[in-house]
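Colleague: turn this into a structure:
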Amino acid sequence: MTSSIAEIDSLIEEIERLRNGSHEDNRKARHMAEKNRSIDPRIEALFQTFWLFSPEKGPAALASLQSHTGIPFVDARVGYYFTLNGRIDEGLALLQRAADAENKFAQHALAVMLYNGEGMPKDVPRAVEMLEALAAQGFLPSVYSLGAHYYKPPNEARGDVTGLNLIRRAAKAGYPAAIKNLPDLEKAAIMFGVAATSY
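Modeller: Numbering: from 1, shown residues only. All right, here's what the predicted structure looks like:
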């Protein structure tokens with residue numbers, strides 16, 4: 001079956017969208033990449049990005065991906081991998097290149113690094129601005145991270161549930177970290193007398 005470039009681009013976009021969602025969406029994305037990996041070298045590269053953090057398959061995946069840098073989703077994932085493995089300057093350069101190409105994963109990773117001052121000077125207001133822009137587009141990792149930023153018990157004690165509601169929104173959409181942490185956050189909210197609100 002021959003696919004047009006537009007169809008392949010659309011498939012890659014859908015795989016990337018799914019991969020940043022729930023565990024189930026991530027499994028679907030990995031399956032779609034595996035099923036279609038022979039169609040186009042970019043889909044093969046996308047499939048390899050799923051294995052970067054695997055102790056068994058990671059080294060081979062990284063070696064394979066080295067020839068695909070310049071593709072935004074490859075730059076984003078390899079850049080992130082590098083930043084977590086002590087190759088900060090290389091990782092930041094790849095993340096920035098991917099972020100400049102509108103890759104949401106790279107933009108999110110840079111925002112979190114900026115928020116924490118990892119590999120760059122800490123700038124919480126700029127990081128929050130970046131996370132807000134991504135959250136407004138529905139990017140679940142940013143919705144959750146923004147919720148974590150705003151979730152502070154003193155805020156909830158005053159009735160400000162902005163952070164809790166963002167985390168609830170991410171959990172409702174199936175984002176794994178939000179699902180994992182929401183029960184404890186809900187208990188804390190009850191302790192502060194915050195009623196459940198819609199999200």
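Colleague: drop to CA atoms for contacts and neighbour counts, all remaining ones
Modeller: OK.
Colleague: pLDDT score for residue 187?
Modeller: With respect to pLDDT, residue 187 has a value of 75.
Colleague: does it sit in a helix, a strand or a coil?
Modeller: Here residue 187 is recorded as helix under DSSP: H, G, I helix; E, B strand; the rest coil.
Colleague: what's the local residue count around it?
Modeller: Other residues within reach of residue 187, judged by other Cα atoms under 10 Å, total 12.
Colleague: do residue 62 as well
Modeller: Residues near residue 62, counting by other Cα under 10 Å, number 21.
Colleague: next one: it relative to residue 17, how far apart?
Modeller: Using Cα to Cα, to the nearest Å, we find residue 62 at a distance of 22 Å from residue 17.
Colleague: tell me which residues in stretch 76-92 are buried?
Modeller: 76-83, 88, 91-92 (16 or more other Cα atoms under 10 Å).
Colleague: between the two ends of it, how far is it?
Modeller: Start and end residues of stretch 76-92 are separated by 9 Å (Cα to Cα).
Colleague: now do the helix or strand containing residue 77: distance to the chain's middle.
Modeller: For residue 77, the element it lies in under DSSP states H and E is helix 72-84. Distance, stretch centre to chain centre, for helix 72-84: 11 Å (Cα atoms, centre = their mean, to the nearest Å).
Colleague: do the same with stretch 119-130
Modeller: Distance, centroid of stretch 119-130 to centroid of chain: 17 Å (Cα atoms, centre = their mean).
Colleague: so where do the strands sit in this structure?
Modeller: Ranges of strands within the chain: none, based on DSSP state E.
Colleague: quick one, helices of it?
Modeller: 5-19, 23-36, 41-49, 58-65, 72-84, 88-100, 104-116, 124-136, 140-150, 153-157, 162-172, 176-191 (DSSP state H).
Colleague: looking at these, which one has the lowest mean pLDDT?
Modeller: helix 153-157 (a mean of 60).
Colleague: contacts only, for residue 62.
Modeller: By Cα atoms under 8 Å, 6 or more residues apart in numbering, the contact set of residue 62 is 48-49, 52, 78.
Colleague: gap between it and residue 42?
Modeller: Using Cα to Cα, residue 62 is found at 14 Å from residue 42.
Colleague: please apply the same query to residue 53.
Modeller: When distance is defined by Cα to Cα, residue 53 is 19 Å away from residue 42.
Colleague: of those two, who's got more company?
Modeller: Higher neighbour count among residue 53 and residue 42: residue 42, with 20 against 13, using other Cα under 10 Å.
Colleague: and the more buried one, what does it touch?
Modeller: Residues in contact with residue 42 (Cα under 8 Å, 6+ apart) are 68, 71.
Colleague: including distance to residue 121, could the buried residues of stretch 76-92 go into TSV?
Modeller: Converted to TSV, those look like this (distance: Cα to Cα, whole Å):
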residue	distance to residue 121
76	20
77	22
78	22
79	18
80	18
81	20
82	18
83	15
88	13
91	16
92	13
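Colleague: from memory residue 145 sits against residue 129, does it?
Modeller: No. If you go by Cα atoms under 8 Å, residue 145 and residue 129 don't touch, sitting 11.8 Å apart.
Colleague: appreciated, that's everything.
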